[in-house]
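Enquirer: Predicted model follows, preceded by the sequence.
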Amino acid sequence: MTKIVYTAHDGGSTTIEAQPGDSVMQSATRNGVPGITGECGGVLSCATCHVFVDDGDLEKLPPMSDLEDEMLDGAAVDREHNSRLSCQIKASEELDTVRVSTPEYQE
């Protein structure tokens, strides 16, 4: 299982154990984690699951696709060097822990 640590814009924190194959976005929405909307349900057609990945965890993730990169340009809060769409980050046996922070707002 992958441990996902979500830190809200206000500093609050939630930790969830995600099943392999579940995305960071799915785990958040199923468990009522604030700050991740996921309007499109994870089909990469919105940017309402924008997160900032902890710099120490970025190297653990697969590279961003061109479509994810394009969608991040439409995020409500300006993207940063560590921005990703949480629907594109999947829990796996190899990914033991990932820490993400949510922006101030998504829409």
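Expert: Looks like it came in fine. Residues are numbered from 1 along each chain as shown.
Enquirer: Who are the contact partners of the most centrally placed residue in the chain?
Expert: Among the residues of the chain, the one closest to the centroid is Ser86, at 2.5 Å (C-alpha atoms, centre = their mean). Listed by C-beta atoms under 8 Å, 6 or more residues apart in numbering, the contact set of Ser86 reads 23-25, 28, 36, 38, 49-51, 100. Every C-beta, even on glycine, is put in place using the N, C-alpha and C of the backbone.
Enquirer: same question, Gly42
Expert: Listed by C-beta under 8 Å, 6+ apart, the contact partners of Gly42 are 23, 25-26, 49, 87.
Enquirer: Ramachandran angles for the residue nearest to the centre of the chain?
Expert: As for Ser86, its main-chain torsions (degrees, to the nearest 10) stand at phi -70, psi -20.
Enquirer: heads up, I number from 827, so please use that
Expert: Sounds good: first residue 827 from here, last item Ser912.
Enquirer: before we move on, the earlier item: which one of the contacts of Ser912 is nearest Glu933?
Expert: Closest approach to Glu933 among those (C-beta to C-beta): His876, at 10.4 Å.
Enquirer: If any of the contacts of Ser912 are buried, give me the PyMOL selection for them.
Expert: To isolate the buried subset of the contacts of Ser912 in PyMOL, counting by 16 or more other C-beta atoms under 10 Å, use the following:
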select buried, resi 849+850+851+854+862+864+875+876+877+926
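Enquirer: So which of the contacts of Ser912 belong to strands?
Expert: 876-877, 926 (DSSP state E).
Enquirer: Tell me the one among those nearest to Leu884.
Expert: Nearest member of these to Leu884, counting by C-beta to C-beta, is Val926, at 10.6 Å.
Enquirer: Pairing partners for the spatially closest residue to that closest one that is not a sequence neighbour in the sheet, please.
Expert: Of all residues not flanking Val926 in the chain, Val877 sits nearest, at 4.0 Å (C-beta to C-beta, 6 or more residues apart in numbering). Counting by DSSP bridges, Val877 forms beta bridges with Arg910.
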